[in-house]
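Undergrad: Kindly generate the corresponding structure for this input.
(chains A, B, C, D, E and F)
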Protein chains: 6
Amino acid sequence: MPDLPISRYPVPDLATLPADIRARIDEVQKKAGFVPNVFLTLAHRPDEFRAFFAYHDALMERDSGLSKAEREMIVVATSGANDCLYCIVAHGAILRVYARNPLVADQVAANYRKADITPRQKAMLSFALQVATDSSALVDDDYEQVRAAGFSDEDIWDIGAIAAFFALSNRMANLIGMRPNDEFYLMGRVPREPKPKPA
Amino acid sequence: MPDLPISRYPVPDLATLPADIRARIDEVQKKAGFVPNVFLTLAHRPDEFRAFFAYHDALMERDSGLSKAEREMIVVATSGANDCLYCIVAHGAILRVYARNPLVADQVAANYRKADITPRQKAMLSFALQVATDSSALVDDDYEQVRAAGFSDEDIWDIGAIAAFFALSNRMANLIGMRPNDEFYLMGRVPREPKPKPA
Amino acid sequence: MPDLPISRYPVPDLATLPADIRARIDEVQKKAGFVPNVFLTLAHRPDEFRAFFAYHDALMERDSGLSKAEREMIVVATSGANDCLYCIVAHGAILRVYARNPLVADQVAANYRKADITPRQKAMLSFALQVATDSSALVDDDYEQVRAAGFSDEDIWDIGAIAAFFALSNRMANLIGMRPNDEFYLMGRVPREPKPKPA
Amino acid sequence: MPDLPISRYPVPDLATLPADIRARIDEVQKKAGFVPNVFLTLAHRPDEFRAFFAYHDALMERDSGLSKAEREMIVVATSGANDCLYCIVAHGAILRVYARNPLVADQVAANYRKADITPRQKAMLSFALQVATDSSALVDDDYEQVRAAGFSDEDIWDIGAIAAFFALSNRMANLIGMRPNDEFYLMGRVPREPKPKPA
Amino acid sequence: MPDLPISRYPVPDLATLPADIRARIDEVQKKAGFVPNVFLTLAHRPDEFRAFFAYHDALMERDSGLSKAEREMIVVATSGANDCLYCIVAHGAILRVYARNPLVADQVAANYRKADITPRQKAMLSFALQVATDSSALVDDDYEQVRAAGFSDEDIWDIGAIAAFFALSNRMANLIGMRPNDEFYLMGRVPREPKPKPA
Amino acid sequence: MPDLPISRYPVPDLATLPADIRARIDEVQKKAGFVPNVFLTLAHRPDEFRAFFAYHDALMERDSGLSKAEREMIVVATSGANDCLYCIVAHGAILRVYARNPLVADQVAANYRKADITPRQKAMLSFALQVATDSSALVDDDYEQVRAAGFSDEDIWDIGAIAAFFALSNRMANLIGMRPNDEFYLMGRVPREPKPKPA
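TA: Numbers count the residues shown, from 1 in each chain, chains lettered A, B, ... in the order given. As a prediction, this is how the structure comes out:
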């Protein structure tokens, strides 16, 4: 279905984009083999594009007590709670690849309590979902429970900040009707995938 | 109450901060007469600080069909829905100043339907609140209603993107227990305020 | 903005009101320096007016284990949960005056968990909010938690009954579109206020 | 089950009560043949008792465009939404008697949309339930819909004020664990009931 | 009111029904003295009728650690949560008969926490209501709490499966507008009822 | 991960099962190439097993105005709303196969409003989701909207009854912790699948 719109907004011609944005898009294209639609659709607003990906990278690429797969679990679980099609599908793919596990993304998107993950990861997702859905009710006891699962205060910032960033991301995707690339649906489900790139 | 903590996380010594962050903080200090705590508390993570304020400025400083006061109304209304103390108090102050109206912020934070604002602004806030609280349910009819109130498609992106960005901001403030500066509470309530700076 | 309507219903001419109601209004006018709109708007129905203020006074003026500021905290916190503009603004003013604290009302209206109040007061507001929003789920354990914070059974009646009375009051204000007087917004925020009167 | 407590709070000995309260209780006893527990349990606080019944009578005994049965429908429907056992059972009995209909109370308590009532009454209950559960969202259109069903502005005040008063009443009953008298359960279900008294 | 429709769908003439369905209906008619409308209305789809009552009987007639009255309590409590008029009224009648208690059905339909039932039964209903309203959040701790109240794992299956079956039943009744027979409202409220049949 | 439990309850040895149940399981094994865990786990209670699959077949195998793919869409969309891992994964697979569309199941599970389906199918899912999540609020207007999308009254029964049956099924799967077979996750995503069997 190559002709379905990927955004409610105009998608810029790559040739017209500022050089830094084009470079970023070229880079992801080379690594993933295609351009995830989040890059094309957000490029409609270059300044917001730059801030969005700078924020994304600051959280998702930094050294952290959370593995990259764990960070993607947070994305998939909170995007599931927000019913964000783009983020569930695109980050589900990335999660499968990072975790080398073809099942975990569908599990976490549906109900992390039933997923094949560790108790530590369940505590992480429980905290992340509270940030995503009811952050004003956070009290000391919530921090202590996630600390008791082995997370440092900096890890907790990571958990909460990823949930917060994808609160933004989910709303932008829903706002503009961002369509996930068809390529994401199968990625990481069968052996010997080409190496993906985070979207 | 100068000794109450302003964050659950360490607040960096200004002298230790990277030069660009220090420069940004110096600038806001000069204009506002004090440093809003969002700058001090988020400086704990310089890369996230940079992305956060780049995103903020991209939305709140750009040329837009929305006035600066209208953009702050979106911040205050959605922060009210998310029970975010920092954002209600800090952006309530900014809204009072931009709108030159000492009442509107408390009205919009409590219930925009009862606020002294125009029908156009009520349509704007209705759409913003749906992005903030139930973005996955957005359908064509919602866009048409806000268009019927006189907003262009780019305005609608602004409305939704501000609601989305403060979905992030509210969650970060709740996560780290960000405390609003005492100065914000009175700002814009009495005549002849010194010029404020957005926080 | 003196010409905005203060009710969806007719506001009676003071001269036409029964003597006891006029006396009550004269009294509050003398003490506060203005007539809070709740008096003018509810006077449309004299019998309901009399019962309303009799109930109010029975709870808010009685000897109690709760200070007057604590009782107003309950009003502001539960009115915040009910998004009642009139009660947040009017009782926020009274709370600031009784507590001699210019910040606490905005804090409690937004999120009592972040307010500069004691753990005892947080336990009080947690119980009050359950009465306000989910009273049918009250079980023994809820009473024990608020008792453990130092409240007697009579105090607990006070907490719950104030939350219950303002469940009524918030709904009446929302029903008739009761507008808060402009005077309330600034009251208690700057030193040397004239003595207020509860509304 | 005569020994089950009717309140979490002490129930005063009738002999110790102020004369006006005793008189009110004697009167209801004579008419109904028993004393509804709301009178006994609220008598623990005489001033609140007086205000409560003054408010009740002001709304439920006044001349109104709503019949007494319609007013009790509002009580039963909103008490159903609030899961208030006392009010559903006691006012269900009164509704059956006033409406001379043994089925309507159970219908309205469960789901007014399926009840054997008129479209006008369904519009009335729809408005009442919005006041009971989401009064801050009331907008002009809601008033117009209930007006279109034939209600005057004064009728609308009655509808909303009854919903508001029982928001208080439901919370008080839940707070103190008010137990309905066994007599209410059967009242109005079989022919030739003795004349009841509102509780 | 004998002429009110009992379903939004055609109600088949008994003579036209398959023999096994007619036999089942004749049997319930003989025992109860009337045909509960669930039999008449679901007979519109014979295969679904057969599966529905086979499922009902498998759960409600089997040997179980739960008494028949306890099973009906689960039906009434979860149907109350789902606002299902047919099931509250019909199974409320059956519960009164099985429990030989004229009060318990109205109590459990309104708020099981206030009902005259045992702590064990309250634990049972708490678990049943979680299955009815939030089954995806079930975790080990929920099972342990209901086990601690004295229920075996097979009992827990019964509790959950009854809640699950009436999740179906409530939705079917709401979908087709199934009307409870007038006979149910009074059944079990006065001494010496004729023996009823489960509906 | 072949050793993870597929149920909180004992899974019977096939050899011990009644002949009719064994036959049913053999049949599905032959057609699908494996035994979906719903058959193995529900066989713990043979009578409930028989009723469950009789109900399933009565709805999912009957002649209907809804295609088999449309019926599976209802299952996937309502199971998504109920966060039921087993049903999302197993019926997602069946939907992909029936619809010959590798993308539609993930879309409908996340947010049917964004799925590549027809307006008629969106109207169908909107009605199904109301039955699944808020059936007591159904009014005439809801039926008229789905009729306006081209559905007959019998189709509407099908839509609602499938939503109702999976309300049961989702709760049973969540109750017993039913684990989806690994085979489902990939089924229908790549060309030339072997023919599946409904689970």
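
Undergrad: how about stretch A:138-158, does it get close to chain E?
TA: No: on the criterion CB under 8 Å from any CB of the partner chain, stretch A:138-158 is out of touch with chain E, staying 13.0 Å away. From N, CA and C alone the C-beta is placed, and that goes for glycine too.

Undergrad: Check the separation of the first and last residues in that stretch.
TA: 16 Å (CA to CA, to the nearest Å).

Undergrad: average pLDDT across that stretch?
TA: Averaging pLDDT along stretch A:138-158 yields 98.

Undergrad: which residues are in contact with that stretch?
TA: A:59, A:62, A:64-66, A:71, A:119-120, A:123-124, A:126-127, A:130-131, A:159, B:8-9, B:44-45, B:174-176, C:113 (CB atoms under 8 Å, 6 or more residues apart in numbering or on different chains).

Undergrad: Over to stretch A:10-28?
TA: A:35-36, A:39-41, A:43-44, A:46, A:49-50, A:53, A:197, A:199.

Undergrad: Among the contacts of stretch A:138-158, name the buried ones.
TA: A:59, A:64, A:66, A:71, A:123-124, A:126-127, A:130-131, A:159, B:8-9, B:44-45, B:174-176, C:113 (16 or more other CB atoms under 10 Å in any protein chain shown).

Undergrad: And the residue in chain A positioned nearest to chain D, how far from chain C?
TA: Of all residues in chain A, A:S136 sits closest to chain D, at 17.3 Å by CB to the nearest CB. Distance of A:S136 to chain C, given as CB to the nearest CB, to the nearest Å: 5 Å.

Undergrad: Around that residue, count how many other residues there are.
TA: 19 (other CB atoms under 10 Å in any protein chain shown).

Undergrad: thinking it is in contact with B:D83, fair?
TA: Yes: applying CB atoms under 8 Å, one finds A:S136 in contact with B:D83, separated by 3.5 Å.

Undergrad: which ones are touching the residue of chain A closest to chain D?
TA: Counting by CB under 8 Å, 6+ apart, A:S136 touches B:82-84, B:170, B:174, C:111, C:113.

Undergrad: Apply 10 Å and report the result again.
TA: A:S136 makes contacts with A:130, B:79, B:81-85, B:170-171, B:173-174, C:110-111, C:113-114, as judged by CB atoms under 10 Å, 6 or more residues apart in numbering or on different chains.

Undergrad: which one of those is nearest chain E?
TA: Closest approach between the contacts of A:S136 and chain E, by CB to the nearest CB: A:Q130, at 12.9 Å.

Undergrad: Buried subset of the contacts of stretch A:10-28 as a PyMOL selection?
TA: A single PyMOL command selects the buried members of the contacts of stretch A:10-28 (16+ other CB under 10 Å):
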select buried, chain A and resi 35+36+39+40+41+43+44+49+50+53+197+199
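
Undergrad: Let me have the contacts of stretch A:10-28 in TSV, adding secondary structure, distance to chain F and pLDDT as columns.
TA: Output for those, formatted as TSV (DSSP: H, G, I helix; E, B strand; the rest coil; distance: CB to the nearest CB, whole Å; pLDDT from 0 to 100):
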residue	secondary structure	distance to chain F	pLDDT
A:V35	coil	18	97
A:P36	coil	16	98
A:F39	helix	19	98
A:L40	helix	17	98
A:T41	helix	13	98
A:A43	coil	21	98
A:H44	coil	19	98
A:P46	helix	25	98
A:F49	helix	22	98
A:R50	helix	26	98
A:F53	helix	23	98
A:K197	coil	20	57
A:A199	coil	15	53
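
Undergrad: hang on, the earlier thing: ok, and which of the contacts of stretch A:138-158 reach chain E?
TA: A:S126 (CB under 10 Å from any CB of the partner chain).

Undergrad: Please list the members of the contacts of stretch A:138-158 that lie in strands.
TA: Using DSSP state E, no member of the contacts of stretch A:138-158 sits in strands.

Undergrad: Identify each buried residue in the longest helix seen in chain A, please.
TA: Criterion DSSP state H: the longest helix present in chain A is helix A:153-176. Across helix A:153-176, burial judged by 16+ other CB under 10 Å covers A:154-176.

Undergrad: what does stretch A:147-154 give?
TA: So, applying 16+ other CB under 10 Å, buried residues of stretch A:147-154: A:149, A:151, A:154.

Undergrad: quick revisit: next one: the residue of chain A closest to chain D from chain F, what distance?
TA: From A:S136 to chain F the distance is 23 Å (CB to the nearest CB).

Undergrad: Repeat that for A:V108.
TA: Distance from A:V108 to chain F, by CB to the nearest CB: 10 Å.

Undergrad: Quick one: residues contacting that residue.
TA: A:72-80, A:88, A:91-92, A:95, A:99, A:114-117, A:121, A:125, F:85.

Undergrad: where's it, which helix or strand?
TA: Here A:V108 sits within helix A:104-111, counting by DSSP states H and E.
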